[in-house]
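Visitor: My questions are about this predicted structure, shown below with the sequence.
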Amino acid sequence: MKTSRSRTRTTAGKGVPDTADGVDALDPATTVRDVLGVPDLPVEILGSNRWTAAAQTAARYAHGPIFLVGDAAHRFPPAGATGVSTAMHDAHNLAWKLAAVLRGHAGQALLDSYAEEREPVGRRNTDETGTAWSRLFNTNGAPFAGRSLAQIDMGYQYRSSAVTIDGSPDADPPGADYEPTAAPGCRAPHLWVNTPHARPRSTYSTATSSCSPRTPAHPGGQPPRPPPARSAYPSKAM
């Protein structure tokens, strides 16, 4: 889009009818003016193309030394921005495993768990977001039976060679809403831990420092025993 002051690339999303030959019936410049509500806005179209919502996932996320993450592995409709969060989860899952293998803390077999864990999540999120997107345009009055957005983002459960299952019930059934759980393969609950000599710490930062390959030295040669965690969900046993 070009105005009298600056030149900016702008993407405008709007339903546009097609002509008989499949070409947009409205001029892109007219669409931009309509979306912005400025009928006489000077606009220069640098380029345009059609965007189509898609719910797709790759058949496999890893092959030898090649790993797919983010949009290379899956595409979701914009139903809750789950594509961004899923991409970050892919990167996090693969990054720490690569680091562990490269630093000699784990064998190459750990990398096999990336596809074992992330492929089912990709298929699950493809189905969930595709269904949610379809409901926006094809409402039939049926009650929504899918997982909540919080469950899609944070409630997935890994089952792989890197996870020891303890017999806990499935923490990610269809239609679930997110509830923090300490079941194996699930995102650890976020809790605040009271410490005797410092501000309360998150369970995430505590676990990260405890699992660090390098443990800082402490007076007397031994690190202090961590205080017991106090759950933010007292009715739930961890």
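Guide: Cool, the structure landed. Residues are numbered from 1 along each chain as shown.

Visitor: out of all of them, which helix in this structure is the longest?
Guide: What stands out as the longest helix in the chain, according to DSSP state H, is helix 112-137.

Visitor: contacting residues around stretch 96-115?
Guide: Counting contacts by Cβ atoms under 8 Å, 6 or more residues apart in numbering, the residues outside stretch 96-115 that touch it are 60-62, 67, 93-94, 158, 160-163, 213. For every residue, glycine as well, the C-beta is placed using N, CA and C.

Visitor: And the pLDDT at residue 202?
Guide: You'll see residue 202 listed with a pLDDT of 86.

Visitor: To clarify, my last question referred to residue 1.
Guide: In the predicted model, residue 1 carries a pLDDT score of 39.

Visitor: Domains in this structure, by residue range?
Guide: Under the assignment automatic domain parsing, the domains of the chain span 1-8+24-47, 56-137+147-154.

Visitor: Convert stretch 117-125 to PDB, keeping the C-alpha atoms and dropping everything else.
Guide: Backbone C-alpha positions of stretch 117-125 (Å, rounded to 0.1, in the frame of the first residue of the first chain) are rendered in PDB as follows:
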ATOM      1  CA  GLU A 117       6.100 -37.200  20.400                       C
ATOM      2  CA  ARG A 118       5.400 -34.400  18.000                       C
ATOM      3  CA  GLU A 119       3.800 -36.300  15.100                       C
ATOM      4  CA  PRO A 120       0.700 -37.300  17.200                       C
ATOM      5  CA  VAL A 121       0.400 -33.700  18.500                       C
ATOM      6  CA  GLY A 122       0.500 -32.400  14.900                       C
ATOM      7  CA  ARG A 123      -2.200 -34.800  13.800                       C
ATOM      8  CA  ARG A 124      -4.300 -33.900  16.900                       C
ATOM      9  CA  ASN A 125      -4.000 -30.200  16.300                       C
END
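
Visitor: contacts for that stretch?
Guide: 57-58, 60-61, 73-74, 76, 82, 86, 89-90, 93-94, 152, 156, 158-160, 162-163, 172, 185.

Visitor: thinking again about what came up before, average pLDDT for the longest helix of the chain?
Guide: Confidence over helix 112-137 (mean pLDDT, whole number) is 92.
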